[in-house]
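Enquirer: starting from these lines, generate the structure:
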Amino acid sequence: AVLGAALFPLCAGASLNPAMVMGQYVQHTWGVDAGLPDGGVKALAETGDGYLWIGTEGGLARFDGTRFTVFDIHATGLQSNKITALQVDKEQRLWIGTRDGGLGSYSRGKFESYREKMTASAQSILALYEDAKGSLWIGTDGGGLFRYKNGAFENFRNGADAGSRSIFSISGDRGGNLWLATLSGISRFSEGTWTSAASSRDLGGQEAREVYVDRHGTVWVGTISAGVYRRSADGWEHFTKRNGLSGDAIASIYEDAGGTIWVGVFGAGLNRFTDGRFTSSSEKDGYFGKVLSLLEDRQGTLWAGGSSELISFRGGPFVPFGQREGLINDTALSLYEDSKGAIWIGSDRGLTRQKEGKLTYLTKEQGLSGESVFSFSEDAQGDIWVGMNHGLTRLHEGHIRTFSEEDGQPGRAVLCTYRDKQGTLWAG
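Expert: Sure, this is the predicted structure:
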């Protein structure tokens, strides 16, 4: 059995604990067989009623935690089933960006299409963002940047830069500036003025496909094949597979409520940035595919949109701790905490001692009389007594001594040990 321990209580709404190994999160996956529309999950949003909305290449879906309700062009009046972007505004209206079908919205049970109100070159929506003043900003593929405010659309083009007509991602800082990932690189847009913040040449010669401004005002950029860039006072800091990323083709960047930065990679799973470094998921963690979109809901669950699946990551009351976290193997036969706070874990291949995050091991190769460790007890001198399949073993200041039938022990295997109030050690 895999060892599990209730390490801490979880409060509703708490973000994922960044101290946990990725594989320790509770994961669930839903695919086409569960009702999810076919195609990549390009966008995620949560409305105030608690529904999760999923934008896929096969249509729009609403998820209540149990089942999916699919809304296609026949049921909604939207002009395309290829959903590319979702945004919930302050009035709880869901804005829906599509490829070749323009912009739509959903509010109070009704869908509305805005296709006729935008130019012909702006019918493929790539990004949606609502600023602090309630304006909706729309990034298009070929039509540039649009703003929807007070029922009217306004187009902002950077005449000097043809690359800014395709806007892949939009984010905003506390100063009211918009940061845009375009074909030309990263642009800053403020009060109608465009400023180049980084060209494609500054980003390893690669296109910027994702931009995200975190709570501290730090700008994060994901490129098509050159990893992640982070803007600091000294310029752009660069992160690639050499710095812990699972891949260099970045699909999504997101910050959760706890301040952890999450990065989704094409075909290489989920990455997390904490304490100045990236750690990544692996195939052992249960998911290592594309992560095209990310969202944290109000309960603290992190949702990831894959190539044909929806994945949730959340904390649980039990945290698995096994071979992946450093134990000798996944079999836990015994547990014990000594007077110094060290945790002793017995298995069928020896024992592991854990204290303050450091793991040490004792096996047959290090002098144990056998492999299966059934019990632990501590005496008044601080020695640890270990019940094993080949006798009773005492650990004293790094020295190992095993007692057997020759020492008067009745029987070979010791399955249990106990020290009573008088200090007598009992072995069974």
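
Enquirer: alpha carbons only for contacts and neighbour counts from here, please
Expert: Fine.

Enquirer: okay, now the residue nearest to residue 414 when sequence neighbours are not counted: neighbour count?
Expert: Leaving aside its sequence neighbours, residue 414 sits nearest to residue 387 (Cα to Cα, 6 or more residues apart in numbering; 4.7 Å). Each residue near residue 387 was counted by other Cα atoms under 10 Å, and the total is 26.

Enquirer: may I see the buried residues of stretch 381-390?
Expert: Buried residues in stretch 381-390, counted by 16 or more other Cα atoms under 10 Å: 383-390.

Enquirer: run a quick neighbour tally on residue 396.
Expert: Neighbours of residue 396 using other Cα under 10 Å come to 13.

Enquirer: list the contacts of it.
Expert: The contact partners of residue 396, by Cα atoms under 8 Å, 6 or more residues apart in numbering, come to 382-384.

Enquirer: so what sits opposite it in the bridge?
Expert: Bridge pairing for residue 396 (DSSP bridges) gives the partners residue 399.

Enquirer: and it, how close does it get to residue 378?
Expert: Using Cα to Cα, to the nearest Å, we find residue 396 at a distance of 10 Å from residue 378.

Enquirer: start and end of stretch 328-344, how far apart?
Expert: Start-to-end span of stretch 328-344 (Cα to Cα) is 12 Å.

Enquirer: same thing with stretch 194-204?
Expert: For stretch 194-204, the first and last residues are 22 Å from each other (Cα to Cα).

Enquirer: buried residues of it, list them for me.
Expert: Neighbour-count burial for stretch 194-204 [16+ other Cα under 10 Å]: 194, 198-200, 203.

Enquirer: sec struct for residue 248, please.
Expert: Classification of residue 248 by DSSP: H, G, I helix; E, B strand; the rest coil places it in coil.

Enquirer: any idea how far residue 205 is from the nearest residue to it once chain neighbours are set aside?
Expert: Closest residue in space to residue 248, ignoring its immediate chain neighbours: residue 227 at 4.0 Å, by Cα to Cα, 6+ apart. Separation of residue 227 from residue 205 (Cα to Cα) stands at 11 Å.

Enquirer: show me the shaky parts of the protein.
Expert: Scanning the chain for pLDDT under 70 picks out the ranges 1-13, 282-288, 316-320, 324, 409-411.

Enquirer: mind redoing it with 50?
Expert: Along the chain, segments meeting pLDDT under 50 span 1-12.

Enquirer: which residue ranges of it form helices?
Expert: Using DSSP state H, the helices of the chain run over 73-76.

Enquirer: so who does residue 167 touch?
Expert: 126-127, 139-141, 144-145, 180-183.

Enquirer: pretty sure residue 98 sits against residue 72.
Expert: No - counting by Cα atoms under 8 Å, residue 98 stays clear of residue 72, with 11.7 Å between them.

Enquirer: more neighbours: those two, which one.
Expert: Of the pair residue 98 and residue 72, residue 98 is the one with more neighbours under other Cα under 10 Å, namely 28 against 18.

Enquirer: can you tell me how far the nearest residue to that one once chain neighbours are set aside is from residue 38?
Expert: In space, residue 98 comes closest to residue 83 once its chain neighbours are excluded; the distance is 4.4 Å by Cα to Cα, 6+ apart. Note on residue 83: its distance to residue 38, by Cα to Cα, is 12 Å.

Enquirer: neighbours around residue 270, how many?
Expert: Residue 270, neighbours per other Cα under 10 Å, totals 27.

Enquirer: alright, calling it a day.
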